[in-house]
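In: Based on what follows, work out the 3D shape:
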Amino acid sequence: MKNILITSAGKRVVLVQIFQQELKNSGLEAKVLTTDMKPMMAPACIVSDKGIKVSPCIADGYIDELIRICRNENIGVIIPTIDPELMILAKNRQRFSEIGVEIVLSDEDFIGACRDKRKTQRYLMDIGIEVPKAVDKYHPTFPLFVKPYDGSLSTDIHVVHNQRELTQEMLENPKFMFMEYIDMNVFQEYSVDMYFGKDHCVKGIVPRERIAVRAGEINKGKTHKNEIVDFLKDRMGCLPGVRGCICFQLFYRESDHQVIGNEINPRFGGGFPLTYHAKANYAAYIIQEYLLHKTVDYSDKWLDNTMILRYDNDIIIYDAQ
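Out: Numbers count the residues shown, from 1 in each chain. Predicted coordinates:
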């Protein structure tokens, strides 16, 4: 039985443990391996069955390193976790396929649409999902929201309340997008974990309310089996080139069920453990599709009103070198 490789694992301890547990539940003796630039400083590498050092994903030899690892460690499935490596892996999908390794990742076109938030907005509008309205930065209405089109982890974002706060630096930054501010007193912010099978059709949709966020990642959250599920199933039931887990961030107004799309991360979101503990088992879906070569059907048999309250934990290494 081939093994699973989670790349750029970093702090994704729970994700590693989920896959380890689901391999056991499936009766498989496969292992979960991880990569990182500094595996002895990456908690997920410590808890995995083996942590392996690699170069930065933008390095020229990165793909060659991964291919060697796949051959040496009997890897059958790669699960990427960080944005910078997604396009690199997608462009080299064929090289891995030639050695019998499948990457659980969408095609280049979809990743490109997700990584550039200007393209994300066009993509969402094309499939019938409203997005925040653009604001003319030279004739603005306030409050407005400013963010880079290629940003991640909620970095370099600004809520601008008046003309005084709209700095010249913001106006001159070519990467900044200017859009209407979505009032969080009226809307709730959600991350929706969606799993797409090899047939590019959705198999699971779990909306997670983002009650509290830290460094762009959910810190307190709650699942809601509400109108978002059918709304997204109608518009995103089958999407060409999309596969694996994606995390769709949106705004939802309960009073009239209005949905405003925001961003899509074409990978496991940081809050996926909540979805897993709510019994939407996307890890098992991957094992079934990619290791056992079985089909997966759509399911909504997950638990409503499941809450996550996150806290820091420690990994202690004695006699560390």
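
In: what residue ranges in the stretch 51-200 of the chain score low on pLDDT?
Out: For the stretch 51-200 of the chain, applying pLDDT under 70 flags the ranges 152-154.

In: Please enumerate the strands of it.
Out: For the stretch 51-200 of the chain, the strands defined by DSSP state E, counting those that start in this stretch cover 75-79, 102-103, 144-148, 158-160, 176-180, 188-196.

In: Against which helices or strands is the shortest one packed?
Out: Meaning strand 102-103. If contacts are counted by 3 or more Cβ pairs under 8 Å, 6 or more residues apart in numbering; DSSP states H and E, strand 102-103 sits against strand 75-79, helix 93-97. Where C-beta positions appear, they are placed from N, C-alpha and C, glycine not excepted.

In: and if you look at the third one?
Out: Here strand 144-148 touches strand 158-160, strand 176-180, going by 3+ Cβ pairs under 8 Å, 6+ apart.

In: Identify the single longest helix in the protein, thanks.
Out: Counting by DSSP state H, the longest helix found in the chain is helix 13-25.

In: Only C-alpha atoms, please: export it in PDB.
Out: Taking Å, rounded to 0.1, in the frame of the first residue of the first chain, the C-alpha atoms of helix 13-25 are listed here in PDB:
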ATOM      1  CA  VAL A  13      -0.500  18.600  13.400                       C
ATOM      2  CA  VAL A  14      -4.200  17.800  13.500                       C
ATOM      3  CA  LEU A  15      -4.400  17.400   9.800                       C
ATOM      4  CA  VAL A  16      -1.600  14.800  10.000                       C
ATOM      5  CA  GLN A  17      -3.300  13.000  12.900                       C
ATOM      6  CA  ILE A  18      -6.600  12.900  11.000                       C
ATOM      7  CA  PHE A  19      -5.000  11.100   8.100                       C
ATOM      8  CA  GLN A  20      -3.100   8.800  10.400                       C
ATOM      9  CA  GLN A  21      -6.400   7.900  12.100                       C
ATOM     10  CA  GLU A  22      -8.400   7.400   8.900                       C
ATOM     11  CA  LEU A  23      -5.700   5.100   7.500                       C
ATOM     12  CA  LYS A  24      -6.100   3.000  10.600                       C
ATOM     13  CA  ASN A  25      -9.900   3.200  10.300                       C
END
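
In: Pull up the pairing partners for the following helix or strand past that helix, direction included.
Out: The helix or strand immediately downstream of helix 13-25 is strand 32-36, counting by DSSP states H and E. Using DSSP bridges, the strands paired with strand 32-36 are strand 3-6 (parallel), strand 50-53 (parallel).

In: Output those in CSV, with mean neighbour count and distance to Arg93 appended to each entry.
Out: Formatted as CSV, these follow (neighbours: other Cβ atoms under 10 Å; distance: least, Cβ to Cβ, whole Å):
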stretch, mean neighbour count, distance to Arg93
strand 3-6, 25, 14
strand 50-53, 18, 21
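
In: Which among these is found nearest to Tyr298?
Out: With Cβ to Cβ, the closest approach to Tyr298 among the strands paired with strand 32-36 belongs to strand 3-6: 23.5 Å.
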